[in-house]
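Undergrad: Here is the input, now give the coordinates:
(one chain, ligands or ions: 1)
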Amino acid sequence: MKIAVFTGAGISRESGIATFRNSSGLWANYRIEDVCTPEALVRNREGVIDFYNMRRREVLSKEPNAAHRALVELERHFEVEVITQNIDDLHERAGSTRVTHLHGEIRKLRSSLSELATVPIEGWEQKYDTRHPDGSLLRPFVVFFGESVPMLERAIEVTRTADLMIVVGTSLQVYPAASLVYYLRPGTPVYLIDPHAPALSLDNLQIIREPASTGVPKVVDELIDKYQL
Ligand code: APR
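TA: The predicted structure is shown next:
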């Protein structure tokens, strides 16, 4: 049985990483147009690099939580593909082995010429003038608003072939990521785990209004009991 897990900032909230769209969220403290658009990178390159250096330093100081770990347990019983909007590496550090990042990865930098030509970054600090082997200035490997989402096709393929989906910690307000759930085959069971679950009109939906750290382990245990061969 193939399970697609679609995660957003809420799954990392209890690891101490801020979400975006609540009163203390990132977008309450920074303007998207100043730090998360291609124009910002041209107009305010050092400010953008500083912003992602600050976020990278934060991610390095945090640990996966019970929700990330429960998804690793799930992988011991089913074929699991994680599709995340998060740029942190907490899924990987918990031990998930198949993770597709729709919006990039904070632990990598990329060429300014080619969107998938990445290099790993050790530590938290990108220097302003470091270059990619192709000669271009390096930039955070993050999909900015208005940029294409190169991993979208793969995420759609995973979703189309999933037998069940678990959605955790996303407000489903950012497209095209939020459109993923509509690529599920009709009738595919969906579990939505979020204390303030967004509206979602699907015909086989179970909503768990709990934080990820309790809701995900609960769903994982239920699935193992229910479907384990
Ligand atoms: N457990 C589970 N869900 C939680 C928790 C928690 N402890 N705390 C908050 N949430 C939920 C919120 O209720 C909300 O629905 O997580 C969701 C976070 O929503 P956003 O802050 O909008 O984050 P996300 O949906 O991941 O944003 C998508 O927007 O800015 C871009 O690229 C950025 O990937 C990001 C995208």
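
Undergrad: Moving along the chain from the helix-or-strand element of the chain with minimal mean pLDDT, name the first helix or strand you hit.
TA: Each helix and strand of the chain was given a mean pLDDT (mean pLDDT, DSSP states H and E); the minimum falls on helix 26-29 at a mean of 93. Sequence-wise, the next helix or strand beyond helix 26-29 is helix 32-35, with elements assigned using DSSP states H and E.

Undergrad: quick revisit: show me what the least confident helix or strand of the chain is in contact with.
TA: Here helix 26-29 makes contact (CB atoms under 8 Å, 6 or more residues apart in numbering) with Ala18, Thr19, Phe20, Arg21, Asn22. The way it works is simple: take the backbone N, C-alpha and C, and place the C-beta from them, glycine included.

Undergrad: mind listing what His196 touches?
TA: His196 touches Arg209, counting by CB under 8 Å, 6+ apart.

Undergrad: Tell me the spacing between it and Ala28.
TA: 16 Å (CB to CB, to the nearest Å).

Undergrad: before we move on, what about Ile208?
TA: For Ile208 relative to Ala28 (CB to CB), the value is 26 Å.

Undergrad: These two: which is more packed in?
TA: Taking neighbours as other CB atoms under 10 Å, Ile208 and Ala28 compare with Ile208 leading, 20 against 11.

Undergrad: buried ones in stretch 8-27?
TA: Across stretch 8-27, burial judged by 16 or more other CB atoms under 10 Å covers 8-15, 17-20, 26.

Undergrad: got those residues as TSV, with secondary structure columns?
TA: Below are the buried residues of stretch 8-27 laid out as TSV (DSSP: H, G, I helix; E, B strand; the rest coil):
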residue	secondary structure
Gly8	coil
Ala9	coil
Gly10	helix
Ile11	helix
Ser12	helix
Arg13	helix
Glu14	coil
Ser15	coil
Ile17	coil
Ala18	coil
Thr19	coil
Phe20	coil
Leu26	helix
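
Undergrad: Just name the closest of those to Val190, please.
TA: Gly8 (14.5 Å; CB to CB).

Undergrad: Wait, that closest one touches Ile87, no?
TA: No. Contact between Gly8 and Ile87 fails when scored by CB atoms under 8 Å: they sit 11.3 Å apart.

Undergrad: if we can go back for a sec, if we check the ligand, which of the buried residues of stretch 8-27 are in contact?
TA: Among these, the ones lying near the ligand by CB under 6 Å from any ligand atom are Gly8, Ala9, Gly10, Arg13, Glu14, Thr19, Phe20.

Undergrad: Noted, bye for now.
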